[in-house]
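In: Let's see this in three dimensions:
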Amino acid sequence: MKNIAVILGDPRLPDSAKPGGKFDEDDLDTVERLKQALAQLRDYTFSYFDNHSTLESDLKARKSAAGISFAFNLCDEGFKNDPRREADIPEMLNRLNIQHTGAGAYAMGLCYNKLKTLRKVRELKSDIGIPQTTLLLKGNWNPKKLNKFRLPVIVKPNCGDGSVGITQRSVAYNVEELAQALEEVSNVLHESDLSILVQEYLTGADLTFGVIGNPGNFTSLPITKEDFSRLDFDPKLPRISGYEAKWYENSPYWNIKSVPANLPKETEELQKETNDKIIKDSLFLFEKFKCRDYARFDWRLDDQGTPKLLEVNPNPGWCYDGHLARAAEFAGINYSQMLDKILKSAERRLKLE
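Out: Okay, here's the model as predicted:
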């Protein structure tokens, strides 16, 4: 039986990505559901580490006392709940000579920066579609510059996780809305990175492809799409899944659900061609971006049905009701089984079987 150290965000500390700026009852419930799911796995014993003030010394003591087979890095919040420090966790584990699930510092650092991600994609494989994107610095725009954009566009922070800064007001159909969106996004930027992306607003299906495993032994999960039908009561609401969909229960966006990305039968041939390209390109990027054990790729179709990559998520959300778990469910894989598959993938990669 293997001893697994599960690393989580710190509920004692502030968390700027959450609406109240801290862990709430839903967050604690999510962690409890995780523990219940892991308790069903008979090949492992789990110990949990979430006190970031003593994290390194706690891990070191645990390793000396009982041994750690490897760490299950589920600290999406970043070290000390700072998303800019997500890569600090694998770096700490490397210092302690503790092997771990998921991506290392390279993939985390690269994918935290959306523009760097897209530029790397273009450098690696020019036939992978990416949205037309312009970078602006906070406050560095004027009406003349804004008039040059082909609208509509979506405005988002260049760096960040959890859809922070992306709301229904992020989609701009005219220059006035664009200026307002830029101001709103500016308000959530951290002083360490003041860059903003202005990106073509894609109106086709909003797709996600999740994968568990590693090159040569992938489990490709069903491609899912966001079901925006709950927004049909208001055609003016942009069809996006942003911060409101993740955090605000009273928002109409809260009712958006992920569903299998099945297209009408008359487009079955096009669907297969699109799906095959999304899967092929995602698996290519998994390897090139040095993802490990699991990852998620966010795509969106343009008005011609061409898939364009939005983001690479090397350590995607692991919660019971997240995109990865939903896709696994559509494949007949329950939450415990999904977590087990991630752990087993790490074992094979680390040659610990």
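
In: Which parts of stretch 181-190 count as buried, going by neighbours?
Out: Buried residues in stretch 181-190, counting neighbours by 16 or more other C-beta atoms under 10 Å, are found at 181, 182, 185, 186, 189. For every residue, glycine as well, the C-beta is placed using N, CA and C.

In: With distance to residue 8 added, can I get those in a markdown table?
Out: Converted to a markdown table, the buried residues of stretch 181-190 look like this (distance: C-beta to C-beta, whole Å):
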| residue | distance to residue 8 |
| --- | --- |
| 181 | 33 |
| 182 | 35 |
| 185 | 29 |
| 186 | 31 |
| 189 | 26 |
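
In: Please name the nearest non-neighbouring residue to residue 41.
Out: residue 340 (5.3 Å; C-beta to C-beta, 6 or more residues apart in numbering).

In: gap between that neighbour and residue 119?
Out: 36 Å (C-beta to C-beta, to the nearest Å).

In: Give me the more crowded residue out of the two.
Out: residue 340 (20 against 14; other C-beta atoms under 10 Å).

In: SS state for the more buried one?
Out: helix (DSSP: H, G, I helix; E, B strand; the rest coil).

In: Likewise for residue 198?
Out: From three-state DSSP, the assignment for residue 198 is strand.

In: just residue 37 next, same as before
Out: Here residue 37 is recorded as helix under three-state DSSP.

In: Likewise for residue 183?
Out: Residue 183 - assigned by three-state DSSP - is helix.

In: cool, and the one 10 residues further on?
Out: The three-state label given to residue 193 by three-state DSSP is coil.

In: Correct me if wrong: it contacts residue 159.
Out: Yes: the criterion here is C-beta atoms under 8 Å, and residue 193 meets it with residue 159 at 4.6 Å.

In: So between those two, which is more surrounded?
Out: residue 159 (21 against 16).

In: Is the more buried one in contact with residue 113, as I believe?
Out: Yes: contact criterion C-beta under 8 Å: residue 159 and residue 113 qualify, at 5.3 Å.

In: and the nearest residue to residue 37 once chain neighbours are set aside, backbone torsions?
Out: Nearest non-adjacent residue to residue 37, counting by C-beta to C-beta, 6+ apart: residue 336, 4.3 Å away. Main-chain torsions, residue 336, degrees, to the nearest 10: phi -60, psi -40.

In: What residues does residue 336 make contact with?
Out: Residue 336 is in contact with 37, 38, 40, 41, counting by C-beta atoms under 8 Å, 6 or more residues apart in numbering.

In: count of neighbours near the third one?
Out: Spelled out, that is residue 40. Count around residue 40 with other C-beta under 10 Å applied: 12.

In: So what's the predicted local confidence for it?
Out: We have a pLDDT of 98 for residue 40.

In: any idea how far it is from residue 335?
Out: 9 Å.

In: again, but for the first one
Out: Remark: distance between residue 37 and residue 335 (C-beta to C-beta) = 5 Å.
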